[in-house]
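Predicted model follows, preceded by the sequence.
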Amino acid sequence: MRQQEIADRLEIGDLLARYTRAIDTGDWQRLDLVFTSDAVIDYTAAGGIRGTRDEVRAWLAEVLPQWPGRQHLIGAATIRFEGDEAAVAAPFTDVLAPSREMVAADAAGLIRGGGWYRHRMVRTMYGWRSRELVEEQSWRTIQ
């Protein structure tokens, strides 16, 4: 593996971490450091919307505060480089909780799930950014 590919893989891993941090903390402006301005984000497999970065940001800001306890975990991503673009598939699990306080495992409003985040990434003058994200839901439980 060349040095540039190693650096690219590390940067893409950091971008995936920035994404989950933005979602889990509600720092919606941080999504500008994850997605290109013309990115398309598709959460329809999980019951969400498909839209531009700004449309999805507004939707997330409206919907996710219902679950103040949020945590996403990203597994080892597979990355296929195609010049200055990359196809990235990252497995994830997530928990959406109705409170940040301790709740029973069968508490109403508790959501757990997992699947794959499939990104089309592009190298920009600011580093790697996602041009497209499609969430692929593998499983979901809701109490």
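Sure thing, it's come through. Note that the structure is a prediction, hence the values are computed from the model and not measured. Numbering: from 1, shown residues only.

for this protein, what's the longest helix?
helix 3-25 (DSSP state H).

average model confidence for it?
Mean pLDDT, computed over helix 3-25, is 97.

Also stretch 54-62?
Stretch 54-62 comes out with an average pLDDT of 98.

Residues contacting it, please?
23, 26, 28, 31, 41, 43, 48-49, 51 (CB atoms under 8 Å, 6 or more residues apart in numbering). The C-beta positions use only the backbone N, C-alpha and C, and glycine is treated the same way.

closest to residue 70 among these?
Using CB to CB, the shortest approach to residue 70 within the contacts of stretch 54-62 belongs to residue 23, at 6.6 Å.

Surely that closest one and residue 64 touch.
Yes: using CB atoms under 8 Å, residue 23 is in contact with residue 64, at 7.2 Å.

Quick one: residues in contact with the longest helix of the chain.
By CB under 8 Å, 6+ apart, the surrounding residues in contact with helix 3-25 are 27-28, 30-31, 33-34, 60, 64, 70-74, 77, 79, 81, 86, 88, 90, 92, 117, 121, 123, 127-130.

which among these end up buried?
For the contacts of helix 3-25, a neighbour count by 16 or more other CB atoms under 10 Å gives the buried set as 28, 31, 33-34, 60, 70, 72, 74, 77, 79, 81, 86, 88, 90, 92, 117, 121, 123, 128-130.

In helices only, show me those.
residue 60.

quick one, the strand of greatest length in the chain and helix 3-25 angle?
For the chain, the strand that runs over the most residues, judged by DSSP state E, is strand 127-142. On the basis of axes from the mean of the first three to the mean of the last three CA atoms, to 10 degrees, strand 127-142 is oriented at 50 degrees to helix 3-25.
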